[in-house]
Each structure stands twice: as C-alpha cells, then as structure tokens.
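K.L.:
What shape does this take:
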Amino acid sequence: MFRKTGVILLFFVLTATPLLAQLGGESTYNFLKINASPKSAALAGSCLTPLHNDVGMTSHNPALLDSNMHNTYALTYLAYLAGISHSSLAGAWRAGSAGMVGASIVSFNYGSFEGWDEIGEEHKRFDANEFVVGLHYSHSVLSFLSVATSFNTVISQLERYSSYGMAVNLGVRYHSADGLLNATLSLKNIGAQLKPYREGNREHLPFEIQLGVAKKLERAPLGFSIALNDLQSFNVYNNTKEQDNVLDRNRQSESVAAKIGKEFMSHLSLGVEVAPSKYFYAMAGYNFRRSNELSIAEGGRGTGFSFGLGITLKRLELIYARAIYHSGSATNHFGIVLK
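P.N.:
A predicted model of the protein is given here:
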C-alpha cells in the first residue's frame, strides 16, 4: 500500500514540474484564481479538504467530484476587498457508470462607478462585472484514481469594454482505499481570450499548476492539507527587503540557500481541520506568500492566516471563513450546502 501511494505521489510531483508561464499582472481574467469556497479560504487556498467534501471547490478542481456529492448544491458569497463581491452556485450529479457531472456559475461584481470624460466632466455611471459558466466531469479510471475536466466560458464587461474567452481545468485525484489520504494535481485556466477588450490585443489567461495532499488521522478527527501553488514558475518569491539592501550597504544580502527556501515557501499553503463532532468542524490555514508580500513594516498582524468553521445538519451545511490579507483588511466567506 505504501509503495503504491509513493508511486502515485511521485507521479504527481514529476508531472507538476514547473513550466514557464504567466503570473499575476501578466494575464487577463485574474479573478479566475480567486476561489470563493469558504473551506478553501479557511485552509489558505488548499485545493481539497481532508475531512469534508465541498462541491463549491469543483469549479477550480473538478477531480474533487465524487459520488458522495450526488444531488448536492453549494451557494457561496465572498465579501472581497474594496467592496468587491464574489458569489457562486454549484451542483453535482451522478451520471451512472459514466462518472460524475457538475455545473457552476460564478459572478464577480466590482460595483458601480462614476464616469468622467477626458476634460473632467461627469459622464454616466457604469458597472463592472465578470462571469464564469462551467461544466465539469469526473470519471474513475482505477479504484484509487480519477481524472476530470472543466469547460468554462468566461465573460467580462468592464464599462464599455467587453471580452470573452474559454478556459479548461484538468484534474487528477488519488485516494487511498481507507479514505485517509487524498492527493490532487490540477492544471487551471488552459485556454484563450477569444474576444479581446481591444482588437489586436489578445492576452494570456492566468494558467496555474497546483498540487495538493491531504491526510486524515485514523484514530482522531483531525486532518492536514498541504498545497503547492503556482508550480508553473520557480520565480514567485518577492524579496520585499531588496530595495532596503540597495539603499543600506550595511545590510547583508540573503544567501542562495535562504532564497531557495523562501521561494519554496512562497508556493506553500498549509491547512488543518478538526471535527470534534459530526455536527461541527473548525479549520485554519497559513499562506506564506500572502504574509510576505502584504505584511506592513510594523508587523504582520496575522497577515497570511485564515480560519473558519462549519455546522453540519442532516441536509444542510453552513460554513464561514475569514482570511487576513493585511493588517487593515480581511475577507469574509459564507457558504450554504444543500444535500
């Protein structure tokens, strides 16, 4: 059993060898990287949870679709930064021996804005919205391995500028026979901008490779998850002290080993989940990259940490999560799951 598990995990790691691709700020439709699932937020961006399935995550990782999600629906709402709101509706159904199918609708609302022309005169107000409509499919190819895909139509309307595109997510999931170990590999946002905002200015989609491993303890209601994000690039660590080193020659530059270590940590997010009762569970997580890039000089003040809790009833599940982005703001995530 351990040999089989090691082979599968090694396959995931080798398949996820970083590729040269776009990071944030170098692509369009970057809202696709935001997962409104409260469980994902509470676990600092982990692509799966060890103790509780979540149909709301399947739009980002369709490999999470399994038979336990049949006829399950998830409604989420995210009070994001600067008054931006993010909401989603997802469902999953069993398709007999063919596997599992799912569908989702995601809305990203930037709010209303006052318009002004080039000479400073007030113009009409305008809205900014983006949407994703997705169809998802998952199929077990072996007793311990399933493969999945999502086809997403992306629609963006920003004032008088509009754009649409197609994005495909691919996923592979390994799960042990006892259900205590899960591992997923997902390739997100493979596609193209079919209609650019401006003619002749076609932009890349925010492609991402993510690897996640989750482990539940056999004799305790405790689970751990680890996610490696943005594996398509080695260069995601932002040395926030680099300018200080240039200005202050007395500062010592970081060693190569320290830079490599921080680069690895910049890909990492950690999560832990505990379920003391079948009616209640709590979650917490930490994202090193968020802490490094968004902490202020006076101190992190919790930046990078996240937490959440859930109440599970017979056919209803209520979830809340809070993620701290910096000392002045945090995001609040709400979710309802109907079984």
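
K.L.:
From here on, just use CA atoms for contacts and neighbour counts.
P.N.:
OK.

K.L.:
ok, which stretches of the stretch 101-250 of the chain are strands?
P.N.:
All strands of the stretch 101-250 of the chain, identified by DSSP state E, counting those that start in this stretch, fall at 122-142, 145-158, 161-175, 181-195, 208-216, 222-228.

K.L.:
Out of these, which is closest to Gly45?
P.N.:
strand 222-228 (7.4 Å; CA to CA).

K.L.:
Tell me the neighbouring strands of the closest one, and mark each as parallel or antiparallel.
P.N.:
In the sheet containing strand 222-228, its partner strands are strand 208-216 (antiparallel), strand 268-277 (antiparallel), by DSSP bridges.

K.L.:
pLDDT value on Gly328, please?
P.N.:
The model reports Gly328 with a pLDDT of 73.

K.L.:
Would you mind stating the distance between it and Ala275?
P.N.:
Distance, Gly328 to Ala275, using CA to CA, to the nearest Å: 31 Å.

K.L.:
Neighbour count for the two, which is higher?
P.N.:
Taking other CA atoms under 10 Å, Gly328 and Ala275 do not tie; Ala275 has more neighbours (18 against 10).

K.L.:
Before we move on, what's the pLDDT of the more buried one?
P.N.:
The model's pLDDT for Ala275 equals 93.

K.L.:
who are the neighbours in contact with it?
P.N.:
51, 221-222, 281-282 (CA atoms under 8 Å, 6 or more residues apart in numbering).

K.L.:
related to what we said a few turns ago, which one of the strands paired with strand 222-228 has the most crowded surroundings?
P.N.:
Among the strands paired with strand 222-228, strand 208-216 has the highest mean neighbour count (mean count of other CA atoms under 10 Å), at a mean of 23.

K.L.:
avg pLDDT for it?
P.N.:
93.

K.L.:
same thing with stretch 279-291?
P.N.:
92.

K.L.:
same check, this time on stretch 91-99
P.N.:
Computed over stretch 91-99, the average pLDDT equals 92.

K.L.:
And for stretch 332-339?
P.N.:
The model assigns stretch 332-339 a mean pLDDT of 93.

K.L.:
Closest to Asn129 out of the contacts of Ala275?
P.N.:
Ala282 (32.7 Å).

K.L.:
Provide a list of residues in contact with that closest one.
P.N.:
273-275, 307-310.

K.L.:
where's it, which helix or strand?
P.N.:
Assigned by DSSP states H and E, Ala282 belongs to strand 280-287.

K.L.:
report the angle between the axes of that strand and strand 268-277?
P.N.:
Between the axes of strand 280-287 and strand 268-277, defined by axes from the mean of the first three to the mean of the last three CA atoms, to 10 degrees, the angle is 170 degrees.

K.L.:
which ones are touching Ala321?
P.N.:
38-39, 41-42, 306-309, 332-334.

K.L.:
now swap in Gly179 and tell me
P.N.:
Counting by CA under 8 Å, 6+ apart, Gly179 has no contacts.

K.L.:
hmm, who's touching stretch 70-86?
P.N.:
Contacts of stretch 70-86 (CA under 8 Å, 6+ apart): 36-38, 54-56, 87-94, 100, 106-111, 329-339.

K.L.:
Next, the buried residues of that stretch.
P.N.:
Using 16 or more other CA atoms under 10 Å as the test for burial, stretch 70-86 gives 70, 72-80, 85-86.
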